[in-house]
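Enquirer: Give me the fold of what follows.
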Amino acid sequence: MLEKKAKKKIDIVTDPDGNKIVLINDILFKSRRSINWDDIEQILMHYIGEYYEIAETAEKVYIGSDFPDEFTHSKYTKAIRGANEKAKANVITAIGELIQISDKKAEFPDYGNRHGNKAKNGWYRYDTRFGIPVYSEVGEIERYNIFRARMLVRCDANGKLFLYDIVQIKKETSTPLE
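Expert: Modelled structure (predicted):
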């Protein structure tokens, strides 16, 4: 049995194993056309200054001014194609929920001091999961393809956490959520 928490067109459900999944019920990018990442960057600009709390750790993760550009123009974003590219483009409506359900925190230093004071206290990586609907020929949701992703969060000189990018998006090969 799945527990649901409705929030506009996004649900947070718990799978039978107790893992949280963000279901994105209305996707923006359905077709096979290429994605205009500059438009996505403009949408993400509206998140700047917001913060969301990770339920597991009660840590606040802020959205900084570098997030929209990194999310849309990183090496990772330029390299992904197909379903993973569409999945990354469609998570923009559920950034807060993805942060909220993230878990499996891992800490990493700022190797070579590449990011200076922006990541003075290193990096955190969190795992998160989300579902993208698969539509029938008549436009009804048949099932959800479930994806795993890694959130990169930088810790600045003041100890504040900032979402930097969402990477390593991978479709799960298990049975889709119906």
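
Enquirer: Kindly export the longest strand anywhere in the chain (C-alpha atoms) in PDB.
Expert: For the chain, the strand that runs over the most residues, judged by DSSP state E, is strand 141-155. The C-alpha trace of strand 141-155 is given here as PDB (Å, rounded to 0.1, in the frame of the first residue of the first chain):
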ATOM      1  CA  ILE A 141      -1.100   7.800 -16.800                       C
ATOM      2  CA  GLU A 142      -0.400   4.000 -17.100                       C
ATOM      3  CA  ARG A 143       2.500   3.800 -14.700                       C
ATOM      4  CA  TYR A 144       5.600   5.600 -13.400                       C
ATOM      5  CA  ASN A 145       9.200   5.100 -14.400                       C
ATOM      6  CA  ILE A 146      11.300   5.400 -11.200                       C
ATOM      7  CA  PHE A 147      14.600   7.200 -11.300                       C
ATOM      8  CA  ARG A 148      17.400   7.500  -8.800                       C
ATOM      9  CA  ALA A 149      19.500  10.700  -8.600                       C
ATOM     10  CA  ARG A 150      22.300  12.200  -6.600                       C
ATOM     11  CA  MET A 151      22.100  15.700  -5.300                       C
ATOM     12  CA  LEU A 152      25.300  17.600  -5.000                       C
ATOM     13  CA  VAL A 153      25.200  20.100  -2.100                       C
ATOM     14  CA  ARG A 154      28.100  22.500  -1.300                       C
ATOM     15  CA  CYS A 155      28.800  23.700   2.200                       C
END
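
Enquirer: got the buried residues for that strand?
Expert: Buried residues in strand 141-155, defined by neighbour count with 16 or more other Cβ atoms under 10 Å: 144-147, 149-155. Where you see a C-beta, it was placed from the backbone N, CA and C, and this is true even at glycine.

Enquirer: Nearest to Phe108 among those?
Expert: Leu152 (9.2 Å; Cβ to Cβ).

Enquirer: The residue lying closest to Asn25 once chain neighbours are set aside: how many residues sit nearby?
Expert: Nearest non-adjacent residue to Asn25, counting by Cβ to Cβ, 6 or more residues apart in numbering: Lys9, 4.6 Å away. Under the neighbour criterion other Cβ atoms under 10 Å, Lys9 is assigned a count of 12.

Enquirer: now do Val61
Expert: If you count neighbours by other Cβ under 10 Å, Val61 ends up with 27.
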